[in-house]
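Chemist: no sequence for this one, just the structure:
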Ligand SMILES: Nc1nc2c(ncn2[C@@H]2O[C@H](COP(=O)(O)OP(=O)(O)OP(=O)(O)O)[C@@H](O)[C@H]2O)c(=O)[nH]1
């Protein structure tokens, strides 16, 4: 099979093109360094199946950061039939250097000048014929986002592959070791085939920046907009979630209960009170999670995250981190795993480790589910948003605290130089792709972790045979009893303890296992929990959930990214300790104050 | 003069870039090359990074890293023909 690699500088639209050509949904974002791993898909080119590979963006074939090394490693290990070079036409005056470096490797290439739409708006004229003559490779202007000329790109690719034989990887590896001087060549080509206005400015971006990057109001505006976004998700999502819960409830009483009535009672219990209750309680959160990721993808794609890096860098520097670390933490609000992988753009290992130590403390969407669930039970609707916001603040606080405590261990002198892309708005197609992607991801987790998790919880709370379900005589009861000495001081009872233990695997299980432990669903479950614990206990439980290890996937990612087991254990131990201390201080203080 | 001494609103021309290899490679790839005009747009609060524009690219850079970039004033004649 032929192999085609997408190469280009960060944020030039490689992933967008990859999705466009393959129909896949690689993650797209207006942030240099969204793709840090290889993605591949099978596509049809000129009547043959070929493998299309999306590589991380790189500034330079000889760059030093981890993601650039991923590319170099790939090029020197795998034979490639065609390199599709993707450049941002607006920045062609500097990005052409990469095309020249790749050409020097001797690979068969096609040069795609992406973002033709933006170039046109900026009045940049590129004479692709002249450029083709100079470079000696096919050149085509495209717009990956809107699909313009993408089919032509494939036709060109097929032609080039038919004419050229692939170059052996060993040969590429040799050439990668050499250095090249191409500045002059680049200048000649640019002056002869490109006409650009002297001073480029995107009026709209400039105007928005004058407000959002205002020297004094920039930071407050940033936090205010985050608050508003979450407020929005909350107020639109909460009724949706309630509706879903109601639907699942009715489905059970109208259809499932009559249909399963003839089964032996233990099997009926396992299926209904175990599997169905657990999974449906979690599934009720799907709309809110989808909504969350739709908003998140718009923020990521807008270019505001790079602005956040600008605004926060000075503060982050005091904590031994930098503006990019702050952006990773924000991405961690979605899911900690890709955020951890995103740290590959950092070159210095100490800074990368410090950033990876704080990311698991950011309040990811799975924990958000737990909090939405608990808050709805324990607090009046008027207070709910405020409680939620304060949990986000606690998340920031633990991140800052951790960074300050560990910064001397992980000292670094990483340069901070970052491109600021113009503001962009995602197309409905991009938003939809991303939302769908998250639903798929959720369903995958659900089918593995959540089903097994809730079944185990059901067994623990119903065995040995004959014990009253969820009582002290069950296995779950014994486990709770065992942990009581550490968990009593923070107000966490046996039921909550079981949920926390399963929460190690994934936070999505927490809500499901509470449903199974109480053997209830929907409103009945909420009422029972409200009877069993007061808000102080609930808050202590939420604080613990917020701070301790997010899930097994995060731990596994930490291990592979840090390439160190010791670091993984440090992260685990630190988050557990911190979780306990914070919950303890909160719980005991609240009780002392008479709550 | 170096880039960290330039005030928001001011422009200059890059004379040369001098730093360790990794940083200078990254700067070159971002378009910091001798002869290019550079414009400081703003600086973040608390002595934060600079927001500069160079050709078609906007870049944020910490003051400490901006020291790697040496500048010369814009020649009155070159002003209209810069880039
Ligand atoms: N206007 C316009 N925007 C585009 C086009 N192609 C991509 N974009 C936008 O450019 C941004 C970057 O796109 P990505 O596909 O994530 O870029 P990438 O090259 O994969 O980036 P890295 O993963 O950082 O290497 C996103 O905001 C896209 O929506 C285009 O043709 N026109």
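Modeler: Good, I have the coordinates. Computed from a prediction, not measured in an experiment: that's the story for all the values here. Numbers count the residues shown, from 1 in each chain, chains lettered A, B, ... in the order given.

Chemist: mind listing what the residue of chain B found nearest the ligand touches?
Modeler: Of all residues in chain B, residue B:29 sits closest to the ligand, with a separation of 13.3 Å (Cβ to the nearest ligand atom). C-beta coordinates here come from the backbone N, C-alpha and C atoms, glycine included. With contact set as Cβ atoms under 8 Å, 6 or more residues apart in numbering or on different chains, residue B:29 has these partners: A:9, A:59, A:60, A:63, A:94, A:97, A:98.

Chemist: Show me the two of those residues that sit farthest apart.
Modeler: Taking Cβ to Cβ as the measure, the contacts of residue B:29 span a maximum distance of 14.6 Å, between A:63 and A:94.

Chemist: So for those two, which sits in the more crowded spot?
Modeler: residue A:94 (24 against 18; other Cβ atoms under 10 Å in any protein chain shown).

Chemist: The more buried one contacts residue B:36, correct?
Modeler: No: assessed by Cβ atoms under 8 Å, residue A:94 is found out of contact with residue B:36, at 9.1 Å.

Chemist: where do the contact lists of the two overlap?
Modeler: Contacts common to residue A:94 and residue B:36, judged by Cβ under 8 Å, 6+ apart, are residue B:55.

Chemist: how far away is the nearest residue to residue A:282 once chain neighbours are set aside from residue A:337?
Modeler: Counting by Cβ to Cβ, 6 or more residues apart in numbering or on different chains, residue A:282 lies nearest to residue A:512, which is 4.5 Å off, once chain neighbours are set aside. Going from residue A:512 to residue A:337 by Cβ to Cβ, to the nearest Å gives 20 Å.

Chemist: of the two, who's got more company?
Modeler: Taking neighbours as other Cβ under 10 Å, residue A:512 and residue A:337 compare with residue A:512 leading, 30 against 21.

Chemist: so that one is in which element?
Modeler: For residue A:512, the host element (DSSP states H and E) is helix A:508-518.

Chemist: which is the next helix or strand following that helix?
Modeler: helix A:522-532.

Chemist: How about the residues of chain B by chain A?
Modeler: B:19, B:22-23, B:25-31, B:33, B:39, B:41-49, B:51, B:53, B:55-62, B:64-65, B:80, B:82-83 (Cβ under 8 Å from any Cβ of the partner chain).

Chemist: just the buried members of those?
Modeler: When the residues of chain B next to chain A are checked for burial by 16 or more other Cβ atoms under 10 Å in any protein chain shown, the buried set is B:22-23, B:25-31, B:33, B:39, B:41-45, B:48-49, B:51, B:53, B:55-62, B:65, B:82.

Chemist: ok, longest helix in chain A?
Modeler: Under DSSP state H, the helix in chain A containing the largest number of residues is helix A:218-251.

Chemist: just to revisit the earlier point, how about the contacts made by the residue nearest to residue A:282?
Modeler: Here residue A:512 is in contact with A:277, A:278, A:279, A:281, A:282, A:450, A:453, A:454, A:457 (Cβ under 8 Å, 6+ apart).

Chemist: do you know how far it is from the ligand?
Modeler: Going from residue A:512 to the ligand by Cβ to the nearest ligand atom, to the nearest Å gives 34 Å.

Chemist: which residues of the chain score low on pLDDT?
Modeler: If you meant another chain, say so; for now it's chain A. A:25-37, A:64, A:172-185, A:187, A:196-202, A:446, A:467, A:469-470 (pLDDT under 70).

Chemist: Correction: the question concerned chain B.
Modeler: B:76-83.

Chemist: what are the ranges of the strands in it?
Modeler: Ranges of strands in chain B, per DSSP state E, are B:11-17, B:37-43, B:50-54, B:57-61, B:69-72.

Chemist: Does residue A:276 touch residue A:253 like I think?
Modeler: No: using Cβ under 8 Å, residue A:276 makes no contact with residue A:253, being 11.4 Å away.

Chemist: hmm, back to that, got the buried residues for the longest helix of chain A?
Modeler: Neighbour-count burial for helix A:218-251 [16+ other Cβ under 10 Å]: A:218-219, A:222, A:226, A:230, A:233-234, A:237-238, A:240-241, A:244-245, A:248-249.

Chemist: Break chain A into its domains for me.
Modeler: Domain assignment for chain A by automatic domain parsing gives A:2-195, A:219-412+A:434-592.

Chemist: I'd like those domains laid out as a markdown table, including distance to residue B:5.
Modeler: Below are the domains of chain A laid out as a markdown table (distance: least, Cβ to Cβ, whole Å):
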| stretch | distance to residue B:5 |
| --- | --- |
| domain A:2-195 | 24 |
| domain A:219-412+A:434-592 | 18 |
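
Chemist: ok, what's across the strand from residue A:39?
Modeler: Bridge pairing for residue A:39 (DSSP bridges) gives the partners residue A:54.

Chemist: ok, it touching residue A:18?
Modeler: Yes: between residue A:39 and residue A:18 a contact is recorded at 6.5 Å, counting by Cβ under 8 Å.

Chemist: For those two, work out which one has more neighbours and name it.
Modeler: Legend: neighbour count by other Cβ under 10 Å for residue A:39 and residue A:18, higher for residue A:18 (27 against 20).

Chemist: Please identify which helix or strand holds the more buried one.
Modeler: Residue A:18 belongs to helix A:14-22 when assigned by DSSP H and E.

Chemist: Say whether the ligand is contacted by that helix.
Modeler: Yes: against the ligand, helix A:14-22 shows contacts by Cβ under 6 Å from any ligand atom at A:14, A:15, A:16.

Chemist: three-state assignment of residue A:423?
Modeler: Under DSSP: H, G, I helix; E, B strand; the rest coil, the three-state class of residue A:423 is coil.

Chemist: Please identify the buried residues of stretch A:315-334?
Modeler: For stretch A:315-334, burial by neighbour count (16+ other Cβ under 10 Å) applies to A:315-317, A:319-334.

Chemist: meant to ask about stretch A:346-361, not that
Modeler: Those would be A:346-348, A:350-361, for stretch A:346-361 by 16+ other Cβ under 10 Å.

Chemist: can you check stretch A:69-79 too?
Modeler: A:70, A:71, A:72, A:74, A:75, A:76.

Chemist: From those residues, pick the one nearest residue A:558.
Modeler: residue A:70 (18.3 Å).

Chemist: With adjacent residues omitted, what lies nearest to the closest one?
Modeler: With Cβ to Cβ, 6+ apart, the residue lying closest to residue A:70 is residue A:56, at 5.5 Å.
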